[in-house]
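**Q** next input, structure requested:
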Amino acid sequence: MNKKKYTGFIIGGVLLLLGIYAFTTYNSLVKKEEKVKLQWNEVQNAYQRRLDLIPNLVNVVKGQADFEQTTLQKITEARSKAASVNFGGDELSADKFNQQTAAQDELAIATNRMLITIEKYPSLKGTAAFAGLQTQLEGTEHRIKVSRKDFNAAVALYNNSVRGFPTKLVAGLFGFKAREGFQADSGSDKSIEIKF
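**A** Numbers count the residues shown, from 1 in each chain. From the prediction side, this is the model:
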């Protein structure tokens, strides 16, 4: 009779330990998933900052130079496209992620073309308004780079947990799936960077 009692305690203890492990692992995965969402929101914030700065930059350029209309049109279209592809961390999927990355890269290319064209207008480059916006845009591009890096770090930490054993068992039980981060595209050694 004592053997059955001890066996019951042992089985109960093992089940309690497994329950505690599942509980703490679940909470850990939730925290890591929320960190991924937070970092994605930081990327979105940096993208929004870029979107907000560009119309000011375009208006300063329009006001200071007899500027090429097609260049301004292209940057306005790229900004509209980038603004239309927007979603929160809860909706993060590979397709939406890739759509937004492509739209933001297109906007960076259009802005870069505008800034290269400005080289023809030395008086514009000297104005305080343009210089200030140029500095802010450069800072924003740096923020985007840092936000993407932090997002990738959060995704890597989350994915290591979701894919690692025995956490993988708990993750599968509760529906946690691996996430996708920013990846280098072919030709990324020639990165899209706004130059001044």
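**Q** just the strands from the protein, written as ranges.
**A** Remark: no strands are assigned in the chain by DSSP state E.
**Q** which residue is nearest the middle of it?
**A** Centroid-nearest residue in the chain, with C-alpha atoms, centre = their mean: residue 43, separated by 3.7 Å.
**Q** ok, that residue to residue 154 distance?
**A** As for residue 43, its distance to residue 154 is 10 Å (criterion: C-beta to C-beta, to the nearest Å). Quick note: C-beta positions are derived from backbone N, CA and C, even for glycine.
**Q** now do stretch 42-57: everything it contacts.
**A** Residues outside stretch 42-57 that contact it (C-beta atoms under 8 Å, 6 or more residues apart in numbering) are 75, 79, 82-83, 86, 88, 100, 104, 107-108, 111, 114, 130, 133-134, 136-137, 140-141, 143-144, 147-148, 150-151.
**Q** what about those, which are in helices?
**A** Members of the contacts of stretch 42-57 lying in helices (criterion: DSSP state H): 75, 79, 82-83, 100, 104, 107-108, 111, 114, 130, 133-134, 136-137, 140-141, 143-144, 147-148, 150-151.
**Q** mind giving me the ChimeraX select for those residues, buried ones only?
**A** Selection of buried members from the ones in helices among the contacts of stretch 42-57 for ChimeraX, criterion 16 or more other C-beta atoms under 10 Å:
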select :75,79,82,100,104,107,108,111,114,130,133,134,136,137,140,141,143,144,147,148,150,151
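**Q** before we move on, the earlier item: dump the residue contacts of the nearest residue to the residue nearest to the centre of the chain once chain neighbours are set aside.
**A** Among residues not flanking residue 43 along the chain, residue 147 sits closest, at 4.4 Å (C-beta to C-beta, 6 or more residues apart in numbering). Contacts for residue 147 (C-beta under 8 Å, 6+ apart) come out as 39, 42, 43, 45, 46.
**Q** OK, contacts around residue 170?
**A** Contacts for residue 170 (C-beta under 8 Å, 6+ apart) come out as 21, 22, 25, 26, 29.
**Q** longest helix of the protein, counting residues only.
**A** As assigned by DSSP H, the longest helix anywhere in the chain is helix 2-64.
**Q** poorly predicted segments of this protein, please.
**A** Counting by pLDDT under 70, the chain contains low-confidence ranges at 1, 62-71, 87-91, 117-128, 184-196.
**Q** so what's residue 183 up against?
**A** Contacts of residue 183 by C-beta under 8 Å, 6+ apart: none found.
**Q** what of residue 155?
**A** Residues counted as contacts of residue 155 (C-beta under 8 Å, 6+ apart) are 36, 39, 179, 180, 181.
**Q** pull the most distant pair out of those residues.
**A** The most widely separated members of those, counting by C-beta to C-beta, are 39 and 180 (13.1 Å).
**Q** between those two, which has more neighbouring residues?
**A** residue 39 (22 against 14; other C-beta atoms under 10 Å).
**Q** surely that one and residue 146 touch.
**A** No - here residue 39 lies out of contact with residue 146, judged by C-beta atoms under 8 Å, at a distance of 10.4 Å.
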